[in-house]
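# Dropping the sequence and predicted coords here.
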Amino acid sequence: MRLDAKLLGEAIGQAAAFRRLSRLQPIGGKGDKIFPPTYPGERNNDSARHIFERRRIDGKEIWCVLVDSVQSQANRLEEALMSVSDEAGGDEKVPIPYVTVDFRGAGLEPLERITSLDAPHRVYDAILRDSLLGDVPFMQSDEGRRLAAAKPTDASSLLEVSPTALVFGAWHSQGQGGGIGAKFPRTIVSEIVAVDTPVDEIVIDQRTGEIGPRTAGRRTGSRIDPIGVLRKVEVFKGASGWGTDKESAGKGAKKVRPSEINHSNIAPSVEPLGVTCEYAEHRATITLAGIRRLRFGSGRRDAAGRMLVASLGLLAIAEQDACGYALRSRCDLVCDGAAALELVSWDGSTKEVEFDRAGARKLYREAYRCAEDAGFAFRSLTLKPQDKLVEIIRKSRELALEGEGGDEGDGQ
């Protein structure tokens, strides 16, 4: 059964979701070690750790580790869509409206632009809020006011200017009433976990005796300094950089080890990091029931708007496959065979549908044309940063160069 516009329209009208479960393996082959993201420990002195959880799989409780979170996956899917958007996609481009803040000419090289596909809070992000559309602060402009007034019962303004916000979710958290402004839940959820990972069960709380998991993998580290700087050499670090005496290091100079200025040897170390697994699972779902909650002003517009949102989510999945799964250093995965896209009915039954990158692009282009025929006026917007936004970036860079960019407790 081939996924086309007719089938998609029928699915949006009555089905529950699209779902795809695909298996991934390290590019080094099954059993190769990968390095999922690390997160701070629960206490200040705890070392970085992977996120483990015991999941119920095939009737068994199995240790799994988070490889790519829902939030991280959303960023990767948005990046994949940006790569084929009108401006960046070349001959294979597809029309995806978005908002851009253009920093060129502000003297902040290499920063050139931030878009609503890059910004953490998408079209409602503070970067866009603190920029100008023409000579008017964005959220005070007519376009901004329409976006601030958007709601699931009429999401037309968001669809026309930044439809990806309806796919990945958006919240105007600084709207009227301290955060009760426009709020749209994500309609696509994508996550990657490593399944059946070996762990060491250790005491994680000496006071209570609580037992918890720790990876059975180990990461080693060391460095031999090619210029032979010894750790006993006195080094001072201050506002002017570093020196071998306090005066040359400048204001606030403190004695540090040579390794803290990236000289001298680094002693060998062993940390509990890195995992092996039976396989990694990429689970992606698009909620059609959630998309049906979105309205756009009339029956015809509702149908066209919902089809555009659903097809954009499907396009994001297909484009991510093409971009690959190079998630971070030593966490590069490859698909372990093709995975079928399933259409999930209201009663939980499933049907496989044929789905590929070319078909996803064709489906989205058709949905876009149907939406235009239904009266949607798609447009991308370009903003200029306000002077105060440029200045806060410039001052942050100056502090970073002076080694004073991180505040205590901010994770820097």
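Arrived safely. What you are looking at is a predicted structure, and each value in this text was computed from that prediction instead of being measured.
# ok, for P26, nearest residue in space, not its chain neighbours?
Spatial nearest neighbour of P26, chain neighbours left out: D32 (3.8 Å); criterion: CB to CB, 6 or more residues apart in numbering. C-beta: built from backbone N, CA, C; applies to glycine.
# Same question for S85.
In space, and not counting its chain neighbours, S85 is closest to I96: 4.4 Å by CB to CB, 6+ apart.
# A helix includes the residue nearest to P26, no?
No - counting by DSSP: H, G, I helix; E, B strand; the rest coil, D32 is not part of a helix but coil.
# Do you know the pLDDT at it?
Listed pLDDT for D32 reads 94.
# ok, T164 touching L312?
Yes - if you go by CB atoms under 8 Å, T164 and L312 touch, sitting 6.7 Å apart.
# how about the helices of this structure, start to end?
Assignment of helices within the chain using DSSP state H yields the ranges 5-14, 70-82, 126-129, 142-149, 156-161, 164-168, 176-179, 246-249, 288-291, 299-323, 357-373, 387-401.
# Name the stretch among those helices that sits most buried.
Of all the helices of the chain, helix 164-168 carries the top mean neighbour count, a mean of 28, counting by mean count of other CB atoms under 10 Å.
# And it, what does it pack against?
Counting by 3 or more CB pairs under 8 Å, 6 or more residues apart in numbering; DSSP states H and E, the packing neighbours recorded for helix 164-168 are helix 70-82, helix 156-161, helix 299-323.
# Low-confidence stretches in the stretch 301-412 of the chain?
Along the stretch 301-412 of the chain, the parts satisfying pLDDT under 70 run over 402-412.
# G28 is nearest to which of the helices of the chain?
With CB to CB as the criterion, G28 lies closest to helix 299-323 of these, at 19.6 Å.
# Would you mind giving the orientation angle of that closest one with respect to helix 70-82?
Per axes from the mean of the first three to the mean of the last three CA atoms, to 10 degrees, the angle that helix 299-323 makes with helix 70-82 is 90 degrees.
# tell me the angle helix 299-323 makes with helix 357-373.
Using the same axes, to 10 degrees: helix 299-323 against helix 357-373 is 150 degrees.
# What is the distance between helix 299-323 and the centre of its chain?
18 Å (CA atoms, centre = their mean, to the nearest Å).
# repeat for stretch 343-350
29 Å.
# what does stretch 277-297 give?
16 Å.
# That stretch: which residues count as buried?
Judged by neighbour count (16 or more other CB atoms under 10 Å), stretch 277-297 contains these buried residues: 277-282, 284-288, 290-292, 294-296.
# Restricted to strands, list those.
Judged by DSSP state E, strands contain the following of these: Y279, A280, E281, H282, A284, T285, I286, T287.
# picking up where we left off before, distance to G212 added to the helices of the chain, as JSON lines?
Formatted as JSON lines, the entries for the helices of the chain read as follows, by distance: least, CB to CB, whole Å:
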{"stretch": "helix 5-14", "distance to G212": "43"}
{"stretch": "helix 70-82", "distance to G212": "23"}
{"stretch": "helix 126-129", "distance to G212": "37"}
{"stretch": "helix 142-149", "distance to G212": "44"}
{"stretch": "helix 156-161", "distance to G212": "42"}
{"stretch": "helix 164-168", "distance to G212": "32"}
{"stretch": "helix 176-179", "distance to G212": "35"}
{"stretch": "helix 246-249", "distance to G212": "42"}
{"stretch": "helix 288-291", "distance to G212": "35"}
{"stretch": "helix 299-323", "distance to G212": "33"}
{"stretch": "helix 357-373", "distance to G212": "42"}
{"stretch": "helix 387-401", "distance to G212": "36"}
